[in-house]
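# structure, please.
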Amino acid sequence: MNNKLTDPTRSVVLFFLKVTLGLLCRIKSEGINNIPINGPLIIYSNHSGELEIPIMYMVVQPRIVTGMAKIESWDNPLLRWLFNLFEFIPVRRGELDLEAFKKTIDRLGEGYIVGISPEGTRSRDGKLIKARPGIVTLALRSGAMLLPVAHWGGEEFIDNLKNLRRTEFNIRVGEPFFLKLEETKLSKEVRQTIVDEMMYELAALLPKDYQGYYQNPEERPYLYLNKKVNLEVD
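Below you'll find the model as predicted:
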């Protein structure tokens, strides 16, 4: 099971990222101990800038994260090399890419962490936008544990860089959970309800100014999230 950071090239790349990001950012993290030490896992997070992906790789070491990226990214030689190194999965946008879905299921079956941004596109102001329900099908089909990881501050990175300022990047890891569907039929409406519950769980980790579409998560009922899990996964 190749879900640990054993490849020497990956180690060198991540060391370089750690040094570089340490110079450019002040990274504050909470809840890192909530990340399971092994086993299939879907990490989902908000998407607001350029920093969350490399910082996510740093946070979960010695485990590694893979994910899906638009197939056009492989046209860029540097991105192609990096994405192949970290075993990213190319996906064709605007269509149901069953091959990419199957490869992602396979990665989870091998014990990898798969990172996903349910919003599907970047939020320009850092506030949550309405999520898409594709992650629900992936979680139910794979049976993988889900873990919300919220971050904020990275949306200011480019402006800070231009003004030679370090960026305050905050990351907060929530509680892991599984989805529970029981006898409920998985309709389009139910899938959207589930992903909305997941996003409210993510919003609860963010400062109120960043909650956006998912305001007041403390007032929302949760019907489909089962948090009774054991972090010591074999």
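# can we go C-alpha only for contacts and neighbour counts from here?
Noted.
# how far does stretch 26-45 stretch from start to finish?
Stretch 26-45 has its terminal residues 19 Å apart, counting by C-alpha to C-alpha, to the nearest Å.
# swap that for stretch 28-39, please
26 Å.
# ok so residue 18 is a strand residue?
No - according to DSSP: H, G, I helix; E, B strand; the rest coil, residue 18 belongs to no strand; its state is helix.
# the helices in the protein, which residues?
8-24, 52-60, 77-85, 98-109, 134-142, 157-162, 188-203 (DSSP state H).
# output the third one as CSV, restricted to C-alpha atoms.
Translated: helix 77-85. Provided in CSV are the C-alpha atoms of helix 77-85 (Å, rounded to 0.1, in the frame of the first residue of the first chain):
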residue,chain,number,x,y,z
PRO,A,77,5.3,20.5,-18.5
LEU,A,78,5.9,21.5,-14.9
LEU,A,79,2.4,20.7,-13.7
ARG,A,80,2.5,17.4,-15.7
TRP,A,81,5.7,16.4,-13.8
LEU,A,82,4.3,17.4,-10.4
PHE,A,83,0.9,15.9,-10.9
ASN,A,84,2.4,12.6,-12.2
LEU,A,85,4.8,12.6,-9.2
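# which other residues reach it?
Around helix 77-85, the neighbours that count as contacts under C-alpha atoms under 8 Å, 6 or more residues apart in numbering are 10, 73, 74, 89.
# follow-up on the earlier one: what's the most buried one of the helices of the chain?
helix 188-203 (a mean of 20; mean count of other C-alpha atoms under 10 Å).
# quick one on the thing from earlier: and the helices of the chain: which comes nearest residue 170?
Taking C-alpha to C-alpha, helix 52-60 is the member of those nearest to residue 170, at 9.9 Å.
# if we can go back for a sec, which one of the helices of the chain lies closest to residue 218?
helix 188-203 (8.2 Å).
# and the closest one with helix 134-142, angle?
100 degrees (axes from the mean of the first three to the mean of the last three C-alpha atoms, to 10 degrees).
# hmm, residue 92 is touching residue 68, no?
No - with contact defined as C-alpha atoms under 8 Å, residue 92 does not reach residue 68; the gap is 9.7 Å.
# what about those two, which has more around it?
Set side by side, residue 92 and residue 68 show more neighbours around residue 68, with 20 against 15, by other C-alpha atoms under 10 Å.
# which residues touch the more buried one?
With contact set as C-alpha under 8 Å, 6+ apart, residue 68 has these partners: 88, 89, 90, 91, 100, 104, 115, 116.
# quick check: closest non-adjacent residue to the fifth one.
Yep, that's residue 100 we're talking about. residue 91 (5.6 Å; C-alpha to C-alpha, 6 or more residues apart in numbering).
# what's the neighbour count on the one you found?
Residue 91 has 20 nearby residues by other C-alpha under 10 Å.
# so what's it up against?
Counted by C-alpha under 8 Å, 6+ apart, residue 91 has contacts 68, 69, 70, 71, 97, 100.
# got it, and residue 213?
By C-alpha under 8 Å, 6+ apart, the neighbours of residue 213 are 127, 128, 129, 130.
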